[in-house]
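>>> Give me a model of this one.
(4 chains)
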Protein chains: 2
Amino acid sequence: MRITAKQVAQKAGVSLATVSRVINHSGYVEATVRTRIEAVMHELGYVPNRTAKNLATGRTKTVGLIITSLQSPFFVRATEGIQDVLEDKGYHLLLCNTKFDTQIELEDLQLLREGLLDGIITTAGSQTRAVMLELARQNYPIVFINRLFDELKGEANRTSYVLADLVYSGRTVANYLLQLGHRHIGLVCGSHNSTANQLRLKGLRQGLQDAGLSLASELMRSVLYPNETGRNTSASIGPWAYSETLELLQAHPEITALLVFYHPMLPGVLQALRDAGRKVPETLSLVGFDDFPLAPYLDPPLTVMTQPVYEMGRAAARLLVQKIEDETNQVAEPLVLRPELIIRRSCAPVEVSRWQILAK
Amino acid sequence: MRITAKQVAQKAGVSLATVSRVINHSGYVEATVRTRIEAVMHELGYVPNRTAKNLATGRTKTVGLIITSLQSPFFVRATEGIQDVLEDKGYHLLLCNTKFDTQIELEDLQLLREGLLDGIITTAGSQTRAVMLELARQNYPIVFINRLFDELKGEANRTSYVLADLVYSGRTVANYLLQLGHRHIGLVCGSHNSTANQLRLKGLRQGLQDAGLSLASELMRSVLYPNETGRNTSASIGPWAYSETLELLQAHPEITALLVFYHPMLPGVLQALRDAGRKVPETLSLVGFDDFPLAPYLDPPLTVMTQPVYEMGRAAARLLVQKIEDETNQVAEPLVLRPELIIRRSCAPVEVSRWQILAK
DNA sequence: TGATATTGTGTAACCGCTTACATATTTTTA
DNA sequence: TAAAAATATGTAAGCGGTTACACAATATCA
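Next comes the predicted model:
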């Protein structure tokens, strides 16, 4: 049924090797022979078998992208950047969505060992640190986005890092809110296990400390992801975000500014604010993380701390392909990009908030 | 370096075949032997090679998902549904983002022939009709989402269809707006090439005709996607949507209701409305297609026509896996799911609009 | 014009696993 | 208890390409 290169070779009266050469444009092939073989391939409708090629070459031209959710514009935009580069370099993308399930993540990582993937780009890995380190040390090509492994520092291998300066992110937001007069800053973050959140938190702390303040840990809520308690399907994180936010605001009415570290929590948070009777920004200032196309059209337009996500995706893909194609081990120099605060209308000076509250 | 099954066999003192049997839990293996082999595998850190297995079995346990963009919640949510099922069935997902580029789509389809993919789920295919038909007739497993091929009707092959009743969508929206008193309904749709849009349009026309009206084609704008004019990267469709909307509103100030068929155009449309000084819903009623988590928090909360996207994704994946694993050809019976109108606050009776306009 | 380099092609050994078939042993059944 | 069935394992032929190596034919050069 399926036409093989062997059949092409026979029909064209040449050897299998020659056919392979014309397929891959490798080695020497006489022009007339090449033409003849190409004609036969066309006539027979020959299509080379990718799997066979993969086995013979030991490469699949496929890379895995491990993300924890598709619900965040961060992942979507990063994926676009990655794919634009991969497409250019002739690679394919296997999308692995862990949904915060460690088990799934481990299975996905295993694909590297199984030879199905030439490399991996990952934004996950909080729960799989050990395995990650092992893979890195076995010189599998890996690019980490917003994730750093200090343990690997100085070791030559085939990993790379692409990061936004998330500490700067946290610090900048802290400064901005401080400057608006806020002293009680609440925080709803995603998993506290996430490196990204830890870095942002670190920056936030720094910013507050510089002003002689400290972050009250009781003003901070982390939301357990649906799957951190077991395997699950793509459930919404909304309800969690909603109830945590509501509780936080009820327990701490002194909060005048709220940070939302993880985008998929936004709907839940916004609903909680409505139900708690907190108007943004009059009664509460709100800052999101990661920009998205509709942010300017929310009620109110949302002020966000962004990262150059698309570029980060591109960089990650570029680095990964480079690591895949250049087998030498190197000491990775993290590529750090700068986040940016986009001020819209969800934050107001604290005086206004006070006034509003009193006026009630 | 890499451990092969052969080495495991040697070390365990059995044949390669037996090792294969324990790996795949196939055939008969004596319990003690199985244990011994497993011990050796573990000791050697053996990991089976996926590519070799793929070649030997002629299957890759990988399916391709062809989408045109990641910017739409439709694709994101569908992808989640698909992946939840695939994960369950032990399949992987190769994500193919065509960005409306026919060339890319053709290359992605080719992966089916190249044996890299066991099957394909696609939401695209407007420009690749001929190739699609060919693949379908060659009995490659394919599931179409929101896409129907009349040419294939009654033919037995390995395709399936999952659709939302988009004609109903269009009709329902028409009825709703008509009932609110709107008579001049504008339309900003994505590519007119998309089957989905054509169906919605058909429904819209039906709804209007039932009321003795007809759709004025000059009130309709389709937006050329960035890539319908050549290969491109993941550029935003925003600017196109913006300028088309602005022009439409300027040319036809009589429009009192506007439909947005393609979600990624929303930001551009909303900006245009602002710039045109049209308040929603006072001065213009707005209906979006496809729901998304932040829709209730837009300004104003957006009324949308939805499809059960996640379920459609799940259904598509289930059907595809079924087609892959059951080689018999069948006549496909389209699975049609029902859309739903979610009324929020972006539509108002036309009297109000008139009043507002006059009041100016 | 003979030595050397370049070009062109075939042979055959992989890549690492699956599986049809053959064979041997044990269990079941009549 | 002999025949049939079930269990257990090995042999070897694929799966469909790539590529090292050998060798032949031309082209290049001093």
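>>> secondary structure class for A:Glu43?
Of the three states, A:Glu43 takes helix according to DSSP: H, G, I helix; E, B strand; the rest coil.
>>> can you give me the strands for the stretch 101-250 of chain A?
A:119-122, A:142-145, A:156-157, A:159-164, A:185-189, A:220-222 (DSSP state E, counting those that start in this stretch).
>>> Return the list of strands paired to the last one, each annotated with direction.
Just to be clear, that refers to strand A:220-222. strand A:185-189 (parallel) (DSSP bridges).
>>> Could you do the third one as well?
Applying DSSP bridges to the sheet, strand A:156-157 is found paired with strand A:330-331 (antiparallel).
>>> which residues sit against the helix or strand following the partner strand?
Later in the chain than strand A:330-331, the nearest helix or strand by DSSP states H and E is strand A:335-337. Residues outside strand A:335-337 that contact it (C-beta atoms under 8 Å, 6 or more residues apart in numbering or on different chains) are A:Ser160, A:Tyr161, A:Val162, A:Leu163, A:Ala164, A:Asp165, A:Gln307, A:Pro308, A:Glu311, A:Met312, A:Ala315, A:Leu319. (Each C-beta comes from the backbone N, C-alpha and C, glycine too.)
>>> repeat that with 7 Å
Strand A:335-337 has contacts (C-beta atoms under 7 Å, 6 or more residues apart in numbering or on different chains) with A:Tyr161, A:Val162, A:Leu163, A:Ala164, A:Asp165, A:Gln307, A:Pro308, A:Glu311, A:Met312, A:Ala315.
>>> Quick check: can you name the pairing partners of it and their directions?
Assessed with DSSP bridges, strand A:335-337 is paired to strand A:159-164 (parallel).
>>> For the partner strand, give the mean pLDDT please.
For strand A:159-164, the mean per-residue pLDDT is 96.
>>> Need the contact partners of it.
Taking C-beta under 7 Å, 6+ apart as the rule, strand A:159-164 contacts A:136, A:142-146, A:148, A:152, A:307, A:312, A:315-316, A:319, A:323, A:332, A:334-337, A:339.
>>> Now for the residue of the stretch 151-300 of chain A found nearest DNA strand D, how many residues are close by?
Residue of the stretch 151-300 of chain A nearest DNA strand D, by C-beta to the nearest atom of the strand: A:Arg158 (19.6 Å). Other residues within reach of A:Arg158, judged by other C-beta atoms under 10 Å in any protein chain shown, total 24.
>>> That one reaches A:Ile324, doesn't it?
No. Taking contacts as C-beta atoms under 7 Å, A:Arg158 lies outside contact range of A:Ile324: 8.1 Å.
>>> Overlap of the contact sets of the two?
Joint contacts of A:Arg158 and A:Ile324 (C-beta under 7 Å, 6+ apart) are A:Pro141.
>>> Counting neighbours, show which residues of stretch A:169-188 come out buried.
Buried residues in stretch A:169-188, counting neighbours by 16 or more other C-beta atoms under 10 Å in any protein chain shown, are found at A:169-178, A:180-182, A:184-188.
>>> Out of those residues, name the ones that lie in helices.
Cross-referencing those against helices under DSSP state H gives A:Ser169, A:Gly170, A:Arg171, A:Thr172, A:Val173, A:Ala174, A:Asn175, A:Tyr176, A:Leu177, A:Leu178.
>>> For my notes, please list those residues in CSV and give pLDDT for each entry.
Below are these laid out as CSV (pLDDT from 0 to 100):
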residue, pLDDT
A:Ser169, 97
A:Gly170, 96
A:Arg171, 97
A:Thr172, 97
A:Val173, 97
A:Ala174, 97
A:Asn175, 97
A:Tyr176, 97
A:Leu177, 97
A:Leu178, 96
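>>> Spatially nearest residue to A:Gly207, not counting backbone neighbours?
The shortest distance from A:Gly207 to any non-neighbouring residue, by C-beta to C-beta, 6 or more residues apart in numbering or on different chains, is to A:Ala174 (2.5 Å).
>>> Chain B contacts on chain A?
With C-beta under 7 Å from any C-beta of the partner chain as the criterion, chain A meets chain B at residues A:47-52, A:54-55, A:60, A:70, A:76, A:79-80, A:83-84, A:87, A:92-95, A:97, A:104, A:113-116, A:233-234, A:238, A:266-267, A:270, A:293-294, A:297-299.
>>> one more time with 6 Å, if that's ok
A:47, A:49-52, A:54-55, A:70, A:76, A:80, A:83-84, A:92-95, A:97, A:113-116, A:233-234, A:267, A:270, A:293-294, A:297-299 (C-beta under 6 Å from any C-beta of the partner chain).
>>> From the residues you listed, which land in helices?
Among the residues of chain A next to chain B, the members that lie in helices (by DSSP H) are A:Arg50, A:Thr51, A:Ala52, A:Asn54, A:Leu55, A:Val76, A:Glu80, A:Gln83, A:Asp84, A:Arg113, A:Pro267, A:Leu270.
>>> which of the residues you listed sit farthest apart?
A:Ala52 and A:Leu270 (52.8 Å; C-beta to C-beta).
>>> and A:Pro267, what does it touch?
Contacts for A:Pro267 (C-beta atoms under 6 Å, 6 or more residues apart in numbering or on different chains) come out as A:Gly238, B:Pro293, B:Leu294.
>>> Could you give the number of residues near the second one?
Right, the one you point to is B:Pro293. 19.
>>> okay, the residue nearest to it when sequence neighbours are not counted: pLDDT?
In this structure, B:Pro293 finds its nearest non-sequential neighbour in A:Pro267, 4.3 Å apart by C-beta to C-beta, 6+ apart. Note on A:Pro267: pLDDT of 96.
>>> Report the secondary structure state of the nearest residue to A:Pro281 once chain neighbours are set aside.
Leaving aside its sequence neighbours, A:Pro281 sits nearest to A:Ala348 (C-beta to C-beta, 6+ apart; 3.8 Å). At A:Ala348 the chain is in coil, as set by three-state DSSP.
>>> quick one: contacts for the nearest residue to A:Lys323 once chain neighbours are set aside?
Spatial nearest neighbour of A:Lys323, chain neighbours left out: A:Pro141 (3.8 Å); criterion: C-beta to C-beta, 6+ apart. Shown in contact with A:Pro141 (C-beta under 6 Å, 6+ apart): A:Gly119, A:Arg158, A:Leu320, A:Lys323, A:Ile324.
>>> More neighbours: which of A:Ala52 and A:Leu270?
A side-by-side neighbour count of A:Ala52 and A:Leu270, using other C-beta under 10 Å, places A:Leu270 first with 25 against 16.
>>> does that one really touch B:Tyr297, like I thought?
Yes. Counting by C-beta atoms under 6 Å, B:Tyr297 is a contact partner of A:Leu270 at 4.6 Å.
>>> Quick check, A:Gly190 in contact with A:Tyr262.
Yes. The pair A:Gly190 and A:Tyr262 passes the contact test of C-beta under 6 Å, sitting 3.3 Å apart.
>>> what residue ranges in chain A score low on pLDDT?
By pLDDT under 70, the low-scoring segments of chain A are A:1, A:125, A:223-234, A:351-360.
>>> For it, list the residues in contact with DNA strand C, please.
A:13-18, A:21, A:27-31, A:33, A:52, A:55-56, A:58 (C-beta under 7 Å from any atom of the strand).
>>> go with 6 Å
Proximity of chain A to DNA strand C is confined to A:Val14, A:Ser15, A:Leu16, A:Ala17, A:Thr18, A:Gly27, A:Tyr28, A:Val29, A:Glu30, A:Val33, A:Leu55, A:Ala56 under the rule C-beta under 6 Å from any atom of the strand.
>>> between the residues you listed, which is closest to A:Ala211?
Scanning the residues of chain A next to DNA strand C for proximity to A:Ala211, where the rule is C-beta to C-beta, the winner is A:Leu55, at 60.7 Å.
>>> how close does that closest one get to B:Leu44?
21 Å (C-beta to C-beta, to the nearest Å).
>>> which one of these two has more residues nearby?
Using other C-beta under 10 Å as the criterion, A:Leu55 and B:Leu44 rank with A:Leu55 on top: 20 against 14.
>>> quick one: contacts for the more buried one?
Per C-beta under 6 Å, 6+ apart, neighbours of A:Leu55: B:Thr51, B:Ala52, B:Leu55.
>>> Repeat that for A:Ile185.
A:Leu177, A:Ala257.
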